[in-house]
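*Asks:* from the sequence below, what's the structure:
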Amino acid sequence: MGGGDVPEVQPDRGGLGSRIHARFEGLGDFEVPRATELPRAAESDASPQYRRAVEATAQMWERVRDDAGLLTAAEVAAFTGVTPSRAVEDAAAGHTLAVVIDGELLWPGSQFEADGTVAMIIRELIAVAEAHGYSRTGQVFWLYSPTTYLAGGRRPVEVLHPDPQAVLAAAAGNMGVEW
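*Replies:* Coordinates of the predicted model:
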């Protein structure tokens with residue numbers, strides 16, 4: 001998806017991306033979600049456990065990207081018919097789910113319907129997750145991880161469009177568990 005003359009998000013170059021990052025930081029208690037930086041294992045003195053955790057994080061982002069894509073603000077704008085600025089505002093307001101990966105604000109494509117609308121359950125899902133202390137990254141990882149709260153231990157993203165209420169019930173049950 002390209003936005004023609006819609007600017008790409010480039011946080012470190014002083015353009016729209018910098019304004020996006022500033023807008024997120026200016027929201028006070030709103031967390032600026034960041035993915036774990038993925039250092040080269042050969043260049044790191046990190047423990048084997050840390051290396052495995054970093055690799056698992058990288059694999060999860062690859063899974064999300066391969067499944068439905070990780071869209072830039074320009075791509076979300078082109079797909080949904082809003083401006084990139086509005087796409088960012090919607091994410092900041094909890095209307096869409098976006099994360100910062102390697103300095104770039106990205107939206108998992110799975111939250112969008114084929115017609116470019118946001119799946120109706122996304123706002124509720126974000127609210128439930130945030131009420132239970134889940135970061136935006138944690139919310140995305142939950143969507144892409146199997147859970148026993150869904151029949152057959154399916155991933156919530158697999159059920160999101162055909163049965164959104166099942167996903168919301170799974171989120172409330174799974175995220176609300178205290179040990």
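*Asks:* can you tell me which helix in this structure is longest?
*Replies:* Taking DSSP state H as the assignment, the helix of the chain that covers the most residues is helix 48-68.
*Asks:* now do the very next helix or strand once past it: distance to the chain's middle.
*Replies:* Next in sequence after helix 48-68, counting helices and strands by DSSP states H and E, comes strand 70-71. The chain centre lies 9 Å from the centre of strand 70-71; the measure is CA atoms, centre = their mean, to the nearest Å.
*Asks:* quick one, strands of the chain?
*Replies:* 70-71, 99-101, 104-108 (DSSP state E).
*Asks:* and of the ones you listed, who's closest to Ala92?
*Replies:* Closest approach to Ala92 among those (CB to CB): strand 104-108, 9.8 Å. For the C-beta atoms, the positions are set from N, CA and C on the backbone; glycine is no exception.
*Asks:* just checking, what packs against the closest one?
*Replies:* The contact analysis (3 or more CB pairs under 8 Å, 6 or more residues apart in numbering; DSSP states H and E) places strand 104-108 against helix 16-25, helix 48-68, strand 70-71, helix 73-80, helix 84-92, strand 99-101.
*Asks:* buried stuff in the longest one?
*Replies:* Across helix 48-68, burial judged by 16 or more other CB atoms under 10 Å covers 54, 57, 60-61, 64, 67-68.
*Asks:* picking up where we left off before, and of the helices and strands packed on strand 104-108, who's closest to Gln165?
*Replies:* helix 48-68 (20.3 Å).
*Asks:* against which helices or strands is the closest one packed?
*Replies:* On a contact count with 3+ CB pairs under 8 Å, 6+ apart, helix 48-68 meets strand 104-108.
*Asks:* the strand it packs on pairs with which strands, parallel or anti?
*Replies:* strand 70-71 (antiparallel), strand 99-101 (antiparallel) (DSSP bridges).
*Asks:* ends of stretch 148-165, how far apart?
*Replies:* Stretch 148-165 stretches 16 Å from its first residue to its last (CA to CA, to the nearest Å).
*Asks:* also stretch 98-107?
*Replies:* The first residue of stretch 98-107 is 4 Å away from its last residue (CA to CA).
*Asks:* for it, buried residues please.
*Replies:* Of the residues in stretch 98-107, 98-101, 104-107 count as buried by neighbour count, 16+ other CB under 10 Å.
*Asks:* what mean pLDDT does that stretch have?
*Replies:* For stretch 98-107, mean pLDDT rounds to 90.
*Asks:* need the CA coordinates for stretch 136-147. CSV is fine.
*Replies:* The C-alpha trace of stretch 136-147 is given here as CSV (Å, rounded to 0.1, in the frame of the first residue of the first chain):
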residue,chain,number,x,y,z
ARG,A,136,0.5,-1.7,23.5
THR,A,137,3.2,-4.2,22.6
GLY,A,138,1.8,-6.7,25.2
GLN,A,139,-1.6,-6.2,23.5
VAL,A,140,-0.3,-7.1,20.1
PHE,A,141,1.6,-10.1,21.5
TRP,A,142,-1.5,-11.3,23.2
LEU,A,143,-3.5,-11.1,20.0
TYR,A,144,-0.9,-13.3,18.2
SER,A,145,-0.4,-15.8,21.0
PRO,A,146,-2.4,-19.0,21.5
THR,A,147,-4.7,-18.9,24.5
